[in-house]
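Peer 1: quick one: sequence and predicted model below, then my questions.
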Amino acid sequence: MPLENGNQSEANEELKDRVRAFWQTHPCGTKFTDTEMGTPEFFASVEAHRYGKEWHIPIAANFAATRGLRVLEIGCGMGTDGAQFAKAGADYTGIDLTEAAIELARKRFALSHLNGEFRVSDAENLDFEDGSFDLVYSHGVLHHTPDIEGAVREIHRVLKPGGRAIVMLYHRGSYNYRVGIRVLRRAGAGLLKSERGIKIVHRLTGEPIDSLHEHAASMRSANGDVSATELLNQSTDGAGNPLARVYSRNEARRLFKDFRQVELRAYFLNKRFIPLIGNVLPKAIESALASRWGWHLWIYATK
C-alpha cells in the first residue's frame, strides 16, 4: 500500500538525514587522496584526480562559456568544479547539504583567491527567489536526494526564462550499471566473504583494499543478502551510502518535462570493468563507446 503523503514526507526526511550524515563523514572526493585535508596540496591532488579520470568534465560543463553568468551549483562538494566557474568569470554560488563540504569549498576558494558565495541548503527547498540564475549546475548529486522530482521543480523555479540546467545523473543504460554493477559486482560480492577473495577483487578492479573491507563489513551486516537496490547504493559512492538511483534516457526526459528543450549526452566509461583493454583504450574510442554506454548521463535543459 502506498504511503500517505505525510508518511512519505517523513520517510523522505529520515532518508535525507542519513544521506546528510553519510556525506558529512565522507565529503565527495576526499577518498582519492592521502594528503592532509584542507591544504593546497590536498585540493590540487583532488582536482588532478577528478580531471584526470573524468577528463570530459571541462568539455561537458563548458566552464569557459560562463563569464558574466549567475551560476548556482547544487551539491558543490569541496568546490572543485565551482573554482572552474569562478576562474571563468561567473558570478558563482555553491550550495551543499553538509557543513563539511561548505567548509572545504570556502577554504578552497580562499586559498585560490576566488570569489564565490556558499551556504548549506537543500536541493528540494532552494532558498532563492524565482528567476535568480542563468545556469544551475549539478554533477552527480540529485540521484542522492529522496525527492528528485521536487529538486528539478526547484531548479526550474530559480532559473531565469531562457536559463539552462546542466545536470549529471547515473545512467541506467550504461555498461557500468548493466555489466559492472548488476553482473560483476554481484558476482564479486561472494568473493568479499574471505580475505583471499578481497585480494582477488583488488587485483581485478584496482579498488583499494580498505574500501573493499568496508563493503565486506556492510555485506556481513546484511547477512550477505544484498538487494538490487542496496547493491546499487553500495556500488556507487562507497560502503554505507544510503541512496543512489539510476535513470534511463526516457526517465531523464520525464524528469525535465517542464523545460522547453532537453538534450542528453552520455560520458565516462568506467574502464576498470572492461577486462584487459580498458586502460589502454584511446580517448577517441573511449568517447565513442561512452556516448552510448557511458555511466554519466548529462542533461542540458533550457527553461
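Peer 2: Great, that's in hand.

Peer 1: please count neighbours and contacts with C-alpha atoms only from this point.
Peer 2: Fine.

Peer 1: which residue ranges of the stretch 201-303 of the chain form helices?
Peer 2: Taking DSSP state H, counting those that start in this stretch as the test, the helices found in the stretch 201-303 of the chain are 209-221, 228-236, 249-255, 283-293.

Peer 1: relative to residue 18, which of those is closest?
Peer 2: helix 228-236 (12.5 Å; Cα to Cα).

Peer 1: what is the burial count for the residue nearest to residue 76 when sequence neighbours are not counted?
Peer 2: Using Cα to Cα, 6 or more residues apart in numbering and skipping residues adjacent in sequence, the residue nearest residue 76 is residue 94, 5.3 Å away. Residues contacting residue 94 under the criterion other Cα atoms under 10 Å number 27.

Peer 1: so residue 94 sits in a strand?
Peer 2: Yes. Membership of residue 94 in a strand is supported by DSSP: H, G, I helix; E, B strand; the rest coil.

Peer 1: quick one: residues contacting it.
Peer 2: Shown in contact with residue 94 (Cα atoms under 8 Å, 6 or more residues apart in numbering): 72-76, 79, 82, 116-119.

Peer 1: any idea how far it is from residue 121?
Peer 2: Look at residue 94 and residue 121: by Cα to Cα, to the nearest Å, they are 9 Å apart.

Peer 1: tell me where this structure is predicted with low confidence.
Peer 2: For the chain, the stretches with pLDDT under 70 are 1-6, 188-193, 197-198, 200-208, 210-226, 272-273, 275-278.

Peer 1: tell me which residue lies nearest the centroid of it.
Peer 2: By Cα atoms, centre = their mean, the chain has its centre lying nearest to residue 140, at 2.1 Å.

Peer 1: follow-up on the earlier one: got a markdown table for the helices of the stretch 201-303 of the chain, with distance to residue 178 and mean neighbour count too?
Peer 2: Output for these, formatted as a markdown table (distance: least, Cα to Cα, whole Å; neighbours: other Cα atoms under 10 Å):
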| stretch | distance to residue 178 | mean neighbour count |
| --- | --- | --- |
| helix 209-221 | 20 | 17 |
| helix 228-236 | 11 | 18 |
| helix 249-255 | 14 | 16 |
| helix 283-293 | 9 | 16 |
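
Peer 1: residue 135 is in contact with residue 72, correct?
Peer 2: Yes. Between residue 72 and residue 135 there is a contact at 6.3 Å, judged by Cα atoms under 8 Å.

Peer 1: got a list of what residue 58 touches?
Peer 2: residue 51.

Peer 1: who does the residue nearest to residue 76 form a beta bridge with?
Peer 2: Beta-bridge partners recorded for residue 94 (DSSP bridges): residue 73, residue 118.

Peer 1: what's residue 57 sitting at in phi/psi?
Peer 2: phi -60, psi -50 (degrees, to the nearest 10).

Peer 1: apart from its chain neighbours, what residue comes closest to it?
Peer 2: Leaving out its chain neighbours, the residue that sits closest to residue 57 by Cα to Cα, 6+ apart is residue 51, at 6.9 Å.

Peer 1: what about whichever strand or helix holds that neighbour, distance to the chain center?
Peer 2: For residue 51, the enclosing helix or strand under DSSP states H and E is helix 40-53. Its chain's average C-alpha position is 16 Å from that of helix 40-53, according to Cα atoms, centre = their mean, to the nearest Å.

Peer 1: helices and strands around that helix, which ones?
Peer 2: helix 80-88, helix 99-112 (3 or more Cα pairs under 8 Å, 6 or more residues apart in numbering; DSSP states H and E).
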